[in-house]
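> the following comprises the amino acid sequence and a computationally predicted model.
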Amino acid sequence: MSAEQNTNALTIRRVEVGNKVLSWHQGRELSLGAFPRNVVFTFGPGPGSNQKFMRLRTKLEGFDKDWRQGGGEMYVTIRFYNASGDLVGEKQFVSRGESAGWKGTLEDSTFTYRRETVSAPLDASHVWVVISSAGGPTAIGIYVVDKLIVSKLSTNNTQPEVLLRSPVLDEPAGIPSLNQSPEGWARDGTRPSMAKIVEVGREPRTRALAVLDDDALSHAEWHTSRDLVAPVAPNDKLLVEWNEMYSIGISDYRYVTYETLPPGNYRLRVAEVSVIGKPTGLEATLAIRVPLPYWQSPWFWAALAVLTVAASALSVRYFTWQKMRRAMSRLEQQRALERERLRIAQDIHDDLGARVTEISLLSAMAQNNSTFSEQARTEFYRICLKSRDLVAALYETVWAVNPENDNLEAIGNYLRQRINTQCTQANLRCRLHILSLPPEIEISSRVRHNISMAAMEAITNVIKHGRASQVTVHASYVESTLIVSMHDDGCGFDPLVAPPGNGLINMKRRLDDVGGICQIESAPGKGTTVHFRLVVCPSDQSSRQHHGGNGVAPKESWINRL
Amino acid sequence: MTKSVAIVEDDKGLREQLIAILRTASDIRCVGAFATAEEALAKIPILNPDVVLMDIGLPGMSGIQCVAQLKRLDPSPQIIMVTVYEDTDRIFKALKAGANGYLVKSSPPDKLLEAVRDVDTGGAPMSSHIACKVVEHFHVRAPAYPEKDNLTPREEQVLTLLASGFLYKEIGDQLGISVETVRSHVKNICQKMHVRNRVEAVARHQTKTN
């Protein structure tokens, strides 16, 4: 019930940020938005409450180190007068808020020592001390001064000369009653009764001069009277020392302003205190939040990072895809072109083959024609043989360009067929030990062409020079290596003596070209054996593999054995 | 005994050459020459020749398809494939389709005549590379094939020797049999290939309809 009343009695009534009034729900955190400027909190009695507050203080927890009291001031003032009694200068030593030792009561609080200096102006002949609550009429609170000493600082470093002291108040030497004024000191101001002598501390309690201002409209002061004239000379350097304790506020503290607030969480506390700064327990609070601007918040950077990563990943993917698509379409085009080229080649060769076949048949017929002369028939026979060779050569080309033949099985078939045909025509016995070569091992047409050409070269050599009755051909694919060897039982030759003819050089060059090895073993009367070895990897089927690093190591050893 | 021969060849010049070669033999009579497979399919069953010389590469329906169709309509004519190039795959397919032998077109004329005369006793010689493919073909021993359609040990021997490059005569010497017997083995081998091919076709058809 009382809490309810209290809540109503003191409230935070309004929050403005840059002249814009914010609304909030009671008990909920209020966000001021990023970069708040000119934040004004207004507080006071709640709606429908007649409560009057003498003194309030505020503290924005998380931002303020100390309580804000609203800005009232009280002073110790040194006034200088000339010989005629006119004021020629003064120096105010201002106090605001609460002194370090202030604990809310005179009993518990402790004094703080303060030391100031002031120079006497020209014409100064004597000095006054004033203790005043005149820092604005609304200033209220308490200002206690004790053991005030004004002394003159000497230039030759000797002990300062004391000009003036605050009065001795404690009994037995001091005044008997707190209402009396000590000698040489007078109460003054618009309400002199607020200038008091107070008792401070506990056991022993000491007396001190004080101004207890609890009036919003007037002020009071203690000052030295004419009886206590302290003479000074112009340019005298005066040292002013005193002990003080104070708690100073204003009676009309109803708003507090913050020019700006950094991002963070805060709590505004508005508390009622007594005139001398002791909390009454009445307090209003408001939770405040200043959010990080979006570019400072972690989630923004996290999101940005995620977005950046995602975007770059996407763009990389997109570009890769584009590149791939371009490559694909280029490849597709290439393939289409290849197909078309193949088709044309096949058409030409089919047509050409048919025509040449026709010539071979025609010449064969003419050769058999008994009405022709013997010489003519011999010529026709030669035409017939040549055209048959031509057909074979054409087939070779068609076979070579057809990508369907880009595998080991095709090369096996081809060797079998061509060697068999060649040998049959040359009346040479041939024995083929060509194990079925794997169709799944691909080889490029270049490799295929070189291998088959080299093999045919070897057979041609046997037919032309070998004087052999039989040729034995082995072909196998073992441990990623294609091995083709051709052995004849002919005359043989000495590889060291006989300079290798074109055929042998060609074979070696063809194998060398595709990264393979060609080895020739022969001796006079012992026949000849030709070996081809070529590494063909099942994994990488590009032609580069075949004339790249593969087979380099065995090549050395094979060459050494030559 | 005169043999009747039909020619299927799309190239006019070659067709005429083949006719001319056949004319040189008194025991061979050319009863018809056709430029397309379609025409051949319409006329050959009526003509019922002893031998058909069939070009492999025909425009439209290929020679291989034509062989299969002809064999279905009337298995009696012996079909010799004639080809410009000795293309392993196509010849093998033609043999599976039912062709009884094959010949390269540029072969000497007497070889052609010989092949026509001897086709019913063994056909044109099978060369090593075709024999090799046939060996592979028979190595697939699926239960779908009846035992009688597998090769006999002797046929297997003949085929292996053929694949190794032996000539018919050499095979005869090696196995102690006559060249004629070697030929008849080859003929039977071709026959069995054809049967197998038909079994395969039926099996394919069944899997499709299932």
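Received it, and whenever you're ready, just let me know what you need.
> can you tell me what sits against stretch A:289-298?
Contacts to stretch A:289-298, defined as Cβ atoms under 8 Å, 6 or more residues apart in numbering or on different chains, come from residues A:29-36, A:261-266, A:300. Heads up, the C-betas are built off the backbone N, CA and C, glycines and all.
> among those, which one lies nearest to chain B?
The closest of those to chain B turns out to be A:F300 (Cβ to the nearest Cβ; 63.3 Å).
> which helix or which strand is home to that closest one?
helix A:298-368 (DSSP states H and E).
> weed out the non-buried ones from the contacts of stretch A:289-298.
A:L30, A:L32, A:P36, A:L261, A:Y266 (16 or more other Cβ atoms under 10 Å in any protein chain shown).
> near chain B, from those residues?
Contacts with chain B within these, counted by Cβ under 8 Å from any Cβ of the partner chain: none were found.
> biggest separation within the residues you listed, which pair?
Greatest spatial distance among the buried ones among the contacts of stretch A:289-298 (Cβ to Cβ): A:L30 and A:L261, at 11.9 Å.
> now the helix ranked longest in chain B: buried residues?
Of all the segments of type helix in chain B, defined by DSSP state H, the longest one is helix B:179-209. Using 16+ other Cβ under 10 Å as the test for burial, helix B:179-209 gives B:179, B:181-190, B:192-198.
> and chain B, which residues reach chain A?
B:11, B:13-14, B:17-18, B:20-21, B:24, B:57, B:84-88, B:104-106, B:108-109, B:127-129, B:132-133, B:136, B:163-167, B:170.
> what secondary structure does residue 16 sit in?
This is for chain A. strand (DSSP: H, G, I helix; E, B strand; the rest coil).
> may I ask which helix or strand of chain A has the lowest mean pLDDT?
Least confident helix or strand of chain A, by mean pLDDT, DSSP states H and E, is helix A:552-561 with a mean of 36.
> so where is the chain shaky, pLDDT-wise?
Let's take chain A. A:1-8, A:498-502, A:539-562 (pLDDT under 70).
> not quite, go with chain B.
For chain B, counting by pLDDT under 70, the residues that fall below are B:122-124, B:140-148, B:201, B:204-205, B:207-210.
> care to break it down by domain?
Residue ranges of the domains in chain B are recorded as B:3-121, B:128-209, according to automatic domain parsing.
> show me where chain B has its helices.
Going by DSSP H, chain B shows helices at B:12-23, B:37-47, B:63-73, B:88-97, B:109-118, B:128-139, B:153-163, B:168-175, B:179-209.
> which residues sit against the second one?
Applying Cβ under 8 Å, 6+ apart, the external contacts of helix B:37-47 come out as B:4, B:6, B:8, B:31-32, B:34, B:52, B:54, B:58, B:60-63, B:65-66, B:69-70, B:73-74, B:77.
> which of these count as buried?
In the contacts of helix B:37-47, burial by neighbour count holds for B:4, B:6, B:8, B:31-32, B:34, B:52, B:54, B:58, B:62-63, B:65-66, B:69-70, B:77, counting by 16+ other Cβ under 10 Å.
> of those, just say which sits nearest to chain A.
Nearest member of the buried ones among the contacts of helix B:37-47 to chain A, counting by Cβ to the nearest Cβ, is B:L58, at 11.1 Å.
> correct me if wrong: the closest one contacts B:R15.
No - contact criterion Cβ atoms under 8 Å: B:L58 and B:R15 do not qualify, at 11.6 Å.
> pull the most distant pair out of the buried ones among the contacts of helix B:37-47.
Longest span within the buried ones among the contacts of helix B:37-47, Cβ to Cβ: B:S4 and B:S62, 24.2 Å.
> nearest residue to B:V158 in space, ignoring adjacent ones along the chain?
Residue nearest to B:V158 in three dimensions, not counting chain neighbours: B:H185, with 4.5 Å by Cβ to Cβ, 6 or more residues apart in numbering or on different chains.
> over to A:K52?
Distances taken as Cβ to Cβ, 6+ apart place A:P45 nearest to A:K52, at 7.5 Å, with adjacent residues excluded.
> how many other residues sit next to that neighbour?
16 (other Cβ atoms under 10 Å in any protein chain shown).
> isn't it up against A:F53?
Yes - using Cβ under 8 Å, A:P45 makes contact with A:F53 at a distance of 7.2 Å.
> strands - which of the contacts of helix B:37-47 land there?
B:S4, B:A6, B:V8, B:V31, B:G32, B:F34, B:V52, B:M54 (DSSP state E).
> now, which of those residues sits nearest A:K91?
Distances from A:K91 to these, taken as Cβ to Cβ, are shortest for B:M54 (134.2 Å).
> residues in contact with that closest one?
With contacts defined as Cβ under 8 Å, 6+ apart, the neighbours of B:M54 are B:V8, B:A40, B:G63, B:C66, B:V67, B:I79, B:I80, B:M81, B:V82, B:A94, B:A99.
> please report phi then psi for A:R187.
Here is the backbone geometry of A:R187 (degrees, to the nearest 10): phi -90, psi 140.
> A:T481 is nearest to which of the helices of chain B?
Here helix B:128-139 is closest among the helices of chain B (Cβ to Cβ), at 21.4 Å.
> the closest one: which residues count as buried?
So for helix B:128-139, counting by 16+ other Cβ under 10 Å, buried means B:S128, B:H129, B:I130, B:A131, B:C132, B:K133, B:V134, B:V135, B:H137, B:F138.
> still on that earlier bit, what sits opposite the residue nearest to A:K52 in the beta ladder?
A:L10 (DSSP bridges).
> neighbours of the closest residue to B:I21 other than its chain neighbours, how many?
Sequence neighbours aside, B:P109 is the residue nearest to B:I21 in space, at 4.5 Å (criterion: Cβ to Cβ, 6+ apart). The local packing of B:P109 (other Cβ under 10 Å) involves 21 other residues.
> quick one: contacts for B:P109?
Listed by Cβ under 8 Å, 6+ apart, the contact set of B:P109 reads A:L361, A:A364, A:M365, A:N368, B:I21, B:T24.
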